[in-house]
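A.B. asks: All I have is the shape, not the residue letters:
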């Protein structure tokens, strides 16, 4: 399996290549902490950052990461492009590859990322988030677990909440790494069926359980992961979702059900404090949420280093 040109889904990458990216991210992080800078290995390279959805972490982490490598970035909104409305996505891709050395897209429809990747044949396209997948966040998550647990194998990772792009990305990761994954959500809010089937195709020995009861699901967890119940674009469903997910709040009482004192709590942010997670848990001693947020920059820098 050759290294892909793009970073659109973890399922496109082999375990060895993903592991190499994680090792590079941690090595560069150590160098940066020790020496205060990295070699300008990508001087003159320009990354175009295309945003249909705004983001604190995605924008700043990508822009800082490419600058740390000696390159630069452009912030582009869909007002300039009109992807699929004013201009065909395949034409946009062919134009951008004449100007840029790489494209990061944070968008709604996953097809926007895949079409750009197929048609921008000479530069990489990186998925900064789609409604289906969030692979860059998952790489930061895996890096954070490695730093706090020292391994990925023989861990019980429990995701509690909406079966959204993060749940789907955890399924892709479980298809590549030997941890046990449990996803807990109410009926009708499960992860994408096609993503699950593909993870099982990639890894027939996939260690995955769906457990609707969050109290049962969280037992023995080494990692507890949660995310907002209402993603961007679902604002009209917010009240209904708060009612449906009320029993899935990660609070001190639920976290204690792990039976372990060294369980770590993760959240990709932004958090709706008092909904999917309480202040006491998010700011508590088991939370590694802000290490996780920092690692967005380190994990993405490794991806940029590799692909650009």
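C.D. replies: That came through, no problem. Source: prediction; values computed, not measured. Residues are numbered from 1 along each chain as shown.

A.B. asks: check contacts around residue 41.
C.D. replies: Neighbour list for residue 41: 69-70, 305 [criterion: CB atoms under 8 Å, 6 or more residues apart in numbering]. (Glycine included, C-beta is placed from N, CA and C.)

A.B. asks: one more time with 6 Å, if that's ok
C.D. replies: residue 69 (CB atoms under 6 Å, 6 or more residues apart in numbering).

A.B. asks: That one in helix, strand or coil?
C.D. replies: Under DSSP: H, G, I helix; E, B strand; the rest coil, residue 41 falls in the coil class.

A.B. asks: what's the answer for residue 209, then?
C.D. replies: Relying on three-state DSSP, one would call residue 209 strand.

A.B. asks: Same question for residue 290.
C.D. replies: Residue 290 ends up helix, using three-state DSSP.

A.B. asks: In a helix, residue 265, correct?
C.D. replies: No - counting by three-state DSSP, residue 265 falls outside a helix, being strand.

A.B. asks: Would you confirm that it contacts residue 287?
C.D. replies: Yes - under the criterion of CB atoms under 6 Å, residue 265 makes contact with residue 287 at 4.6 Å.

A.B. asks: who's more crowded, these two?
C.D. replies: residue 265 (22 against 19; other CB atoms under 10 Å).

A.B. asks: Contacts only, for that one.
C.D. replies: 224, 281, 286-287.

A.B. asks: quick one: which of those residues is nearest residue 46?
C.D. replies: Distance to residue 46 across those (CB to CB) is lowest for residue 287, with 36.3 Å.

A.B. asks: Over to the closest one: give its phi and psi.
C.D. replies: phi -80, psi 130 (degrees, to the nearest 10).

A.B. asks: cool, residue 102 as well?
C.D. replies: When quoted as degrees, to the nearest 10, the phi and psi of residue 102 stand at phi -180, psi 160.

A.B. asks: Also residue 43?
C.D. replies: Dihedral angles (degrees, to the nearest 10) for residue 43: phi -60, psi 130.

A.B. asks: What's the local residue count around it?
C.D. replies: Residue 43, neighbours per other CB under 10 Å, totals 10.

A.B. asks: Against residue 250, how distant is it?
C.D. replies: 44 Å (CB to CB, to the nearest Å).

A.B. asks: Check residue 35 too.
C.D. replies: From residue 35 across to residue 250, the span is 38 Å (CB to CB).

A.B. asks: okay, the two: which has more neighbours?
C.D. replies: The neighbour comparison of residue 35 against residue 250 (other CB under 10 Å) goes to residue 250, with 23 against 9.

A.B. asks: Tell me the backbone dihedrals of the more buried one, please.
C.D. replies: Dihedral pair for residue 250: phi -90, psi 100, per degrees, to the nearest 10.

A.B. asks: Please tell me I have it right and it contacts residue 228.
C.D. replies: No - Residue 250 is beyond contact range of residue 228, at 11.9 Å (criterion: CB under 6 Å).

A.B. asks: Just confirm residue 20 is within a strand.
C.D. replies: No - secondary structure of residue 20 (three-state DSSP): helix, not part of a strand.

A.B. asks: confidence score at the residue in the chain sticking out farthest from the centre?
C.D. replies: The outermost residue of the chain, judged against the average C-alpha position, is residue 86 (29.4 Å), by CA atoms, centre = their mean. Note on residue 86: pLDDT of 93.

A.B. asks: just the one 3 residues further on next, same as before
C.D. replies: Per-residue pLDDT puts residue 89 at 94.

A.B. asks: what's the closest non-adjacent residue to it?
C.D. replies: Distances taken as CB to CB, 6 or more residues apart in numbering put residue 115 closest to residue 89, at 4.3 Å, once the chain neighbours are dropped.

A.B. asks: Helix, strand, or coil at that neighbour?
C.D. replies: Applying three-state DSSP: residue 115 is helix.

A.B. asks: so it sits right up against residue 88, yeah?
C.D. replies: No - look at residue 115 against residue 88 with CB under 6 Å: they stay out of range, at 9.0 Å.
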